[in-house]
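Participant: Need coordinates for the below:
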Amino acid sequence: MKINVSKLLIQLIYKSSNNFTTHIALINKVHCIY
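Facilitator: Residues are numbered from 1 along each chain as shown. A predicted model of the protein is given here:
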């Protein structure tokens, strides 16, 4: 069970970090436009 939970947590962190990096990329694009 612990292994499955840790895998799920890692997946959640990975997904959230991906969203965070894409969010930063979007902000950088907006700053480049203005």
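Participant: Where does the prediction get shaky in this protein?
Facilitator: 1, 31-34 (pLDDT under 70).
Participant: mind listing the helices for it?
Facilitator: Under the criterion DSSP state H, helices of the chain are mapped to 2-33.
Participant: Distance of residue 24 relative to residue 17?
Facilitator: Taking C-beta to C-beta, to the nearest Å as the measure, residue 24 falls 11 Å from residue 17. To be clear about C-beta, it is placed using only N, CA and C from the backbone, and glycine gets the same treatment.
Participant: wait, I meant residue 26
Facilitator: For residue 26, the distance to residue 17 (C-beta to C-beta) stands at 15 Å.
Participant: now do residue 7
Facilitator: Summarising the geometry, the distance separating residue 7 from residue 17, computed by C-beta to C-beta, is 16 Å.
Participant: One more: residue 28?
Facilitator: 16 Å.
Participant: just residue 30 next, same as before
Facilitator: Distance, residue 30 to residue 17, using C-beta to C-beta: 20 Å.
Participant: same question, residue 11
Facilitator: As for residue 11, its distance to residue 17 is 11 Å (criterion: C-beta to C-beta).
Participant: swap in residue 3?
Facilitator: Using C-beta to C-beta, we find residue 3 at a distance of 21 Å from residue 17.
Participant: Of these two, which one has the most company?
Facilitator: Taking other C-beta atoms under 10 Å, residue 3 and residue 17 do not tie; residue 17 has more neighbours (10 against 7).
Participant: dump the residue contacts of the more buried one.
Facilitator: Counting by C-beta atoms under 8 Å, 6 or more residues apart in numbering, residue 17 touches no other residue.
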